[in-house]
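In: A structural model of the following input is requested.
(one chain, ligands or ions: 1)
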Amino acid sequence: MSNPLAYLHDQLEQWKRDGTYQRLRVLESASAAESRFDGKNVINLASNNYLGLTTHPKLCAAAIAAVNRYGAGSGAVRTISGTMSLHLDLERRIATFKRVEACVVFQSGFAANAGTVSAILGPDDHIVSDELNHASIIDGCRLSRAKIHVFAHKDVAAAERILASLAGAGGKKLLISDGVFSMDGDIGPLPGLVEAAEKHGAIMMVDDAHASGVLGRNGRGTVDHFGLHGRVHIQVGTLSKAIGVLGGYVCGSRDLIEFLYHRARPFLFSTSHPPAVAAACLAAFDVLEEEPERIEALWTNARYLKQGLASAGFDTGISETPITPVMVGDAALAHRFSRELFEEGVLATGIGFPTVAQGKARVRTIVAATHTRGELDRALEIFSRVGKRLEILRG
Ligand SMILES: *Cc1c(COP(=O)(O)O)cnc(C)c1O
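Out: I've put the predicted structure just below:
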């Protein structure tokens, strides 16, 4: 009998021939500045653990205390019987932190984006979206069945032209951008986008997954960074990156949040966070306010690594944040670069199509507040050595 899934095997074999087949690296320690993967200790430049909070004693203690008091799981989706006081405490904490009326927490940032866009828009509506917006935004847009209008990366004038052309179109309009773009590390042009949205009566939404805990005062995100409080209707953030745990959230008006309680499908149809997750996230917001030096250390390290890579001769693209790509071009070469860096003691992810455009493959680094100068110097030395060997660096 023939196997109806045989085409999957054929595709996998093709990826192996292309050099783009990816074996999962297995983490055998905590996620930290140096971690153990596949039996090898390496400098970890591949996590989103910007502030080192995955292993922060306050987060770990809060998680353990929550398990002891409330158990391992929440038992249900939020709308049935799975709303715990810890969930509400966390949402109030985030709303206060972000200076908005209300907040709802989802199981992940992905669920927050996809669940929100698909809930608030329908087939008669229009979405104006940056071409490099995150996959979870794109999926949310598709699920909404609204008409999707994509503008060139960070091109405010192009976004505005689209909004202007929709003036008589009817339906609601949503203008949406990442706050920080995850593959290039550049910052979205929020002031211009906000103005365009206001001029054309569009809903303004920002996905701050990589800005939460990184940009703005105490890590409040891009809205705070640009001083746009009150002018962005929907702010999405993640609890999975700098916050160090797991989850996503949506901040906005009380009406928006209550509407999502009723219509956001991940909220209605998927179980809420275990108590340990909610409690650890709550502790993380205390840490953001009590230990601002972590964010300073993150930016100091980011500048140091970026300068070191650039002065070694690498092309670090258009990064403005701790996400620093090393541009390679060819996907197979980027993956080989990543593998050989690993053999020498650095974990940095090779990224190719379809995560980035064809010909724009890269090795992406994300430095953390917790990397020591010694670790960064060692990483830079390894990057140079392997870069020369693979002729990514000339001379
Ligand atoms: C990582 C990321 C997400 C998803 O966040 P999770 O909490 O990991 O699901 C959403 N948007 C952007 C821009 C991201 O980088």
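In: Spell out whether stretch 152-168 and the ligand are in contact.
Out: No. Residues of stretch 152-168 are not located near the ligand by CB under 6 Å from any ligand atom, the shortest gap being 13.6 Å. Yep, even glycine has a C-beta here, placed from its N, CA and C like the rest.
In: Run through who's touching that stretch.
Out: 126, 128, 130-132, 149, 151, 173, 175, 181, 186, 188-189, 192-193, 196-197, 199-200, 202 (CB atoms under 8 Å, 6 or more residues apart in numbering).
In: So which of those belong to strands?
Out: Among the contacts of stretch 152-168, the residues falling in strands (DSSP state E) are H126, V128, D130, H149, F151, K173, L175.
In: could you check the distance from the fourth one over to D155?
Out: H149 sits at a distance of 12 Å from D155 (criterion: CB to CB, to the nearest Å).
In: Compare the two (neighbour count), which wins?
Out: The residue with more neighbours, out of H149 and D155, is H149; 19 against 15, by other CB atoms under 10 Å.
In: mind listing what G140 touches?
Out: N113, A114, G115, T116, V117, S118.
In: so how many other residues sit close to the third one?
Out: Translated: G115. G115 - counted by other CB under 10 Å - has 30 other residues nearby.
In: go on, the first one?
Out: Burial measure for N113: 31 neighbouring residues, criterion other CB under 10 Å.
In: Is the host helix or strand of it in proximity to the ligand?
Out: Using DSSP states H and E, N113 falls within helix 109-120. Yes. Using CB under 6 Å from any ligand atom, helix 109-120 reaches the ligand at G109, F110, N113.
In: now that helix, how far from the chain's geometric center?
Out: A distance of 14 Å separates the centroid of the chain from that of helix 109-120, by CA atoms, centre = their mean, to the nearest Å.
In: Give me the mean pLDDT for it.
Out: Averaging pLDDT along helix 109-120 yields 98.
In: Name the residue of this structure that lies nearest to the ligand.
Out: When distances are taken as CB to the nearest ligand atom, the chain reaches nearest to the ligand at G109, 2.4 Å away.
In: Burial check on that residue, number of neighbours?
Out: 26.
In: Over to W15?
Out: Using other CB under 10 Å, W15 has 11 other residues around it.
In: What's the PyMOL line that selects buried ones from the contacts of stretch 152-168?
Out: Provided next is the PyMOL selection string for whichever of the contacts of stretch 152-168 are buried by 16 or more other CB atoms under 10 Å:
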select buried, resi 126+128+130+132+149+151+173+175+181+186+188+189+193+196+197+200+202
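In: Now do stretch 330-349: distance to the chain's middle.
Out: Counting by CA atoms, centre = their mean, stretch 330-349 comes out at 22 Å from the chain centroid.
In: That one and the ligand, any residue contact?
Out: No. Using CB under 6 Å from any ligand atom, we find that stretch 330-349 stays clear of the ligand, coming within 13.0 Å at best.
In: Now do the buried residues in that stretch.
Out: For stretch 330-349, using 16+ other CB under 10 Å, the buried residues are 330-331, 333-338, 340-342, 344-349.
In: Restricted to strands, list those.
Out: V346, L347, T349.
In: quick one, what contacts the first one?
Out: The one in question is V346. V42, I43, L45, R378, A379, I382, F383 are the contacts of V346 under CB under 8 Å, 6+ apart.
In: Distance check, it against R378.
Out: Distance of V346 to R378, given as CB to CB: 8 Å.
In: One more: the second one?
Out: Computed with CB to CB, the distance linking L347 and R378 is 13 Å.
In: any residues in contact with both of V346 and R378?
Out: I43.
In: what pLDDT does G395 get?
Out: For G395, the pLDDT comes out at 59.
In: What residues of stretch 95-109 count as buried?
Out: By 16+ other CB under 10 Å, the buried positions in stretch 95-109 come out as A95, F97, K98, V100, A102, C103, V104, V105, F106, Q107, S108, G109.
In: Could you find the closest non-adjacent residue to the third one?
Out: Residue nearest to K98 in three dimensions, not counting chain neighbours: C251, with 4.7 Å by CB to CB, 6 or more residues apart in numbering.
In: Show me what whatever helix or strand that neighbour lives in is in contact with.
Out: C251 belongs to strand 248-252 when elements are defined using DSSP H and E. If you take CB under 8 Å, 6+ apart as the criterion, strand 248-252 is touched by 91, 94-95, 98, 100-113, 116, 209, 233-240, 256-257, 260.
In: What distance do you get for F342 to R373?
Out: For F342, the distance to R373 equals 22 Å [CB to CB].
In: next one: S29
Out: 22 Å.
In: isn't M205 right next to D178, touching?
Out: No. The pair M205 and D178 fails to qualify as a contact (CB atoms under 8 Å) at a distance of 10.3 Å.
In: Show me what from the chain comes close to the ligand.
Out: 108-110, 113, 134, 136, 178, 182, 207, 209-210, 238, 240, 248.
In: now, among the residues you listed, which is nearest to K306?
Out: Distance to K306, by CB to CB, is smallest for H210 among those, at 15.4 Å.
In: mind listing what's buried in stretch 244-261?
Out: 244-252, 256-257, 259-260.
In: With stretch 136-149 instead?
Out: Result for stretch 136-149 [16+ other CB under 10 Å]: buried residues S136, I137, I138, D139, G140, C141, S144, A146, K147, H149.
In: What about those, which are in helices?
Out: S136, I137, I138, D139, G140, C141, S144 (DSSP state H).
In: how about the residues you listed in CSV, adding pLDDT and distance to Q22?
Out: CSV is the format used below for these (pLDDT from 0 to 100; distance: CB to CB, whole Å):
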residue, pLDDT, distance to Q22
S136, 97, 20
I137, 97, 23
I138, 97, 21
D139, 97, 21
G140, 97, 25
C141, 97, 26
S144, 98, 31
